[in-house]
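In: Take this sequence and fold it.
(chains A and B)
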Number of protein chains: 2
Amino acid sequence: MASAASLPIEAPPVLGADDALSELAAMVADDLAACNRVIVAHMQSEVELIPRLAAHLVAAGGKRIRPILTLASARLCGYGGGQRHVNLAACVEFIHTATLLHDDVVDGSQLRRGLASANAVFGNQASVLVGDFLFSRSFQLMTADGSLHVLRILSDAAATIAEGEVLQLVTQNDLSTVEDRYLAVIQGKTAALFAAACRVGAVVANRPETEEMALADYGTAIGMAFQLVDDALDYAADQRTLGKTVGDDFREGKITLPVLAAFHAGSPEDQAFWRRTIEDSAQTDEDLEHALALMARTGAIETTLRRAEGFAARAKAALAIFPQGSVRWGLEAVADFTVRRGR
Amino acid sequence: MASAASLPIEAPPVLGADDALSELAAMVADDLAACNRVIVAHMQSEVELIPRLAAHLVAAGGKRIRPILTLASARLCGYGGGQRHVNLAACVEFIHTATLLHDDVVDGSQLRRGLASANAVFGNQASVLVGDFLFSRSFQLMTADGSLHVLRILSDAAATIAEGEVLQLVTQNDLSTVEDRYLAVIQGKTAALFAAACRVGAVVANRPETEEMALADYGTAIGMAFQLVDDALDYAADQRTLGKTVGDDFREGKITLPVLAAFHAGSPEDQAFWRRTIEDSAQTDEDLEHALALMARTGAIETTLRRAEGFAARAKAALAIFPQGSVRWGLEAVADFTVRRGR
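Out: Predicted structure coming up:
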């Protein structure tokens, strides 16, 4: 990363070729390329603002972690001879993209993956409506796939995501939120789609329910770890690596584990600081620096990352029923990678 | 309506018991009551803001025109012995409710059906997310119904709605919009769901494609008439009957047929007025009054209502292949009613 300092701040985060996600992506490279073609083909519309706005997000270079997980899970389960996993990986990415568009509107975010967010460029109105379009497209693709089982998994996940997002909204600015409620938020807003993405891989391969549920468990755990690390990075990473504005969660008064941990481990004076900044949203320019210092002193980031490590271990354990091999090892490595990017 | 003047402005519009929609609703009263129960049951969530916000819209007393059309279409097609039409009518209403929530955010509307809009009460963030939840719920219900044919019809409709809404957004403030493009907007944002709502009635009854498409044609035409009249009412009705703020479309610079008709039939001076108010969004308090006067002088409302009458006639003609009887007459009367509320 020696040359990283010279990168413009708008550059998307660059993943080293040696990281676990890139290795897993390489194992399913042809399928991932096919998935990208399905995504581009299905974001087309005669209403040209739709592909233009959608392309803005696609061009911003998401890591495609969810579709990679669908493709790798299908591979792990021995699926072959069809394109169902490719189409369903695209469905998963469309649902994810739709929620990103709506999240950025809800949060008023100006940056996404190091680029101006879609709502910053095209406005909130277009982001809401194109999100709805991509969400609908996802269900059109699922319907074309024709499996009611898959439709149930992904429509359940979509409802759970929305519930998680609403729960996050109602816990905002509320320091009395208990950790279980925070975990319920990230289970809904993040882990549910990771779980569905992985589970679908077993469904297309017609594997027994034990394997389906093992992959769902893997996805849930990896999703929890992923979000915990994301929440830690919001207080730890610099803007360039993070690809979003540092301190966004702080400024929004979002209740995440780093905040809860720092609050509960803090002195009465610290707690007054958190109440003023998070509950009363009365922040000055220096407050973020002080928040980071309090996190360092209370070990709140460390607490969060340890929790993430626990979920990563659970993710790997869930794969134990599958035969050893490069895809299983690749999925295990992604679990470790998820946590490592926070270290 | 003699006593209407004493109603508070917040009262939802009251339909006379003698209007055609109420009569059709009465023909399917038991099914409609069952549909309302399905709606209430499926808007529940452990996240209590969700049912609270959803109930706000339900309590605001929508006319339920779309689910009534689904139930009546199923009846017209001789469907009996099951609850599929009831569940799918609820799906249609959920899709409609989700789009209402998002529309009000996009338009910044403060009133809906004579009550404060959900975004005015609960905020834009909650409205976006609860809209997503209801949309997901709709697909969960469809999946439980189990017909891929129905899923295709409704997921196609959902994508078309979003496209229509985006097209409306890009034509906003643009007086060079041609009438065909305006018709494409209302076909997408309104008529597509009316068409799907009716068509589904034939699908559950296992009727041949000719009947399915006849009901789709009826629904499309009635949806076009409905939206044309709505757009006329925005320049013609008083706030109490309309149940929304009069002149909303004008203030937003929305391109509707009344505006296009008044613009094209206007003098150079009139056209300058429309350019300033609609294209440049430079409006003063007196401009709405002047806009209404120009509409009266150019016959723009009359032009719009005549177009709506044409669609109502088309709607009735589409029903010709069905046997005479109270349900068919009821559906025909609804087509007339749709236009009459604009007269």
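
In: Would you mark the buried spots in stretch A:136-155?
Out: For stretch A:136-155, the neighbour count (16 or more other CB atoms under 10 Å in any protein chain shown) marks A:136-143, A:145, A:147-148, A:150-155 as buried. Glycine gets a C-beta too; all of them are placed from N, C-alpha and C.

In: how many other residues sit next to residue A:324?
Out: Residue A:324 has 9 neighbours, counted by other CB atoms under 10 Å in any protein chain shown.

In: ok, residue A:118 touching residue A:103?
Out: No. With contact defined as CB atoms under 8 Å, residue A:118 does not reach residue A:103; the gap is 10.6 Å.

In: The two - which one has more neighbours?
Out: A direct count of neighbours by other CB under 10 Å for residue A:118 and residue A:103 places residue A:118 higher, at 26 against 22.

In: show me what contacts that one?
Out: A:53, A:56, A:57, A:101, A:104, A:112, A:126, A:127, A:130 (CB atoms under 8 Å, 6 or more residues apart in numbering or on different chains).

In: For the fourth one, report the pLDDT, please.
Out: pLDDT, residue A:101: 94.

In: Which residues of the stretch 101-250 of chain A lie near chain B?
Out: By CB under 8 Å from any CB of the partner chain, the residues of the stretch 101-250 of chain A that approach chain B are A:102, A:105-106, A:124-126, A:128-130, A:132-133, A:135-137, A:139-140, A:142-144, A:146, A:148, A:151-152, A:155-156, A:158-159, A:161-163, A:165-167, A:169-170.

In: ok, 6 Å please
Out: A:102, A:106, A:125, A:128-129, A:132-133, A:136-137, A:139-140, A:143, A:146, A:148, A:151-152, A:155, A:158-159, A:162-163, A:165-167, A:169-170 (CB under 6 Å from any CB of the partner chain).

In: Which ones among those residues lie within strands?
Out: If you go by DSSP state E, these have nothing in strands.

In: Which of the contacts of residue A:118 scores worst on pLDDT?
Out: Within those, lowest confidence goes to residue A:112 (76).

In: Show me the beta-bridge partners of that one.
Out: residue A:115 (DSSP bridges).

In: That one: how many residues sit nearby?
Out: 24.

In: same deal with residue A:114?
Out: For residue A:114, using other CB under 10 Å, the count is 21.

In: any idea of the pLDDT on it?
Out: With respect to pLDDT, residue A:114 scores 74.

In: Identify the residues contacting stretch A:334-343?
Out: By CB atoms under 6 Å, 6 or more residues apart in numbering or on different chains, the residues outside stretch A:334-343 that reach it are A:19-21, A:24, A:222, A:225-226, A:229, A:232-233, A:305, A:308-309, A:312, A:315-316.

In: now do stretch A:303-312
Out: A:221, A:224-225, A:228-229, A:232, A:257-258, A:261, A:335, A:338-339, A:342.

In: From those residues, which land in helices?
Out: A:221, A:224, A:225, A:228, A:229, A:232, A:257, A:258, A:261, A:335, A:338, A:339 (DSSP state H).

In: Which of the residues you listed sits closest to chain B?
Out: Closest approach between the ones in helices among the contacts of stretch A:303-312 and chain B, by CB to the nearest CB: residue A:224, at 18.6 Å.

In: For the closest one, which non-adjacent residue is closest in space?
Out: residue A:311 (4.3 Å; CB to CB, 6 or more residues apart in numbering or on different chains).

In: List phi and psi for residue A:178.
Out: Torsion angles at residue A:178 (phi, psi; degrees, to the nearest 10) stand at phi -90, psi 160.

In: pLDDT weak spots in the stretch 51-200 of chain A?
Out: Across the stretch 51-200 of chain A, the ranges flagged by pLDDT under 70 are A:59-61.

In: That one: helices as residue ranges?
Out: With DSSP state H, counting those that start in this stretch applied, the stretch 51-200 of chain A shows helices at A:65-76, A:84-107, A:118-122, A:124-145, A:148-171, A:179-186, A:192-204, listed in chain order.

In: Could you dump the ones you listed into TSV with distance to residue B:216 added?
Out: Output for the helices of the stretch 51-200 of chain A, formatted as TSV (distance: least, CB to CB, whole Å):
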stretch	distance to residue B:216
helix A:65-76	34
helix A:84-107	26
helix A:118-122	33
helix A:124-145	17
helix A:148-171	23
helix A:179-186	42
helix A:192-204	32
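
In: Residue B:298 is nearest to which of those helices?
Out: helix A:124-145 (29.8 Å; CB to CB).

In: can you give me how far the closest one is from the chain middle?
Out: Between the centre of helix A:124-145 and the centre of its chain there are 18 Å (CA atoms, centre = their mean, to the nearest Å).

In: Give me the contacts around that helix.
Out: So helix A:124-145 is contacted by A:42, A:50, A:53, A:84, A:87, A:91, A:94-95, A:97-98, A:101-102, A:105, A:118-119, A:151, A:154, B:102, B:106, B:139, B:148, B:151-152, B:155, B:158-159, B:162, B:165-166, B:169 (CB under 6 Å, 6+ apart).

In: and the angle for that helix with helix A:84-107?
Out: Interaxial angle, helix A:124-145 versus helix A:84-107 (axes from the mean of the first three to the mean of the last three CA atoms, to 10 degrees): 160 degrees.

In: For helix A:124-145, output the C-alpha coordinates as CSV.
Out: Only the C-alpha atoms of helix A:124-145 are listed here, as CSV (Å, rounded to 0.1, in the frame of the first residue of the first chain):
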residue,chain,number,x,y,z
ASN,A,124,-32.9,11.1,-3.7
GLN,A,125,-36.0,10.8,-5.9
ALA,A,126,-34.2,8.9,-8.7
SER,A,127,-32.4,6.7,-6.1
VAL,A,128,-35.6,5.7,-4.4
LEU,A,129,-37.3,4.8,-7.8
VAL,A,130,-34.4,3.1,-9.4
GLY,A,131,-34.0,1.0,-6.2
ASP,A,132,-37.6,-0.1,-6.6
PHE,A,133,-36.9,-0.9,-10.2
LEU,A,134,-33.9,-3.1,-9.4
PHE,A,135,-35.8,-4.8,-6.6
SER,A,136,-38.6,-5.6,-9.1
ARG,A,137,-36.1,-6.8,-11.7
SER,A,138,-34.7,-9.2,-9.1
PHE,A,139,-38.1,-10.8,-8.6
GLN,A,140,-38.6,-10.9,-12.4
LEU,A,141,-35.3,-12.9,-12.7
MET,A,142,-36.3,-15.2,-9.8
THR,A,143,-39.7,-15.8,-11.4
ALA,A,144,-37.9,-16.7,-14.6
ASP,A,145,-35.7,-19.1,-12.6
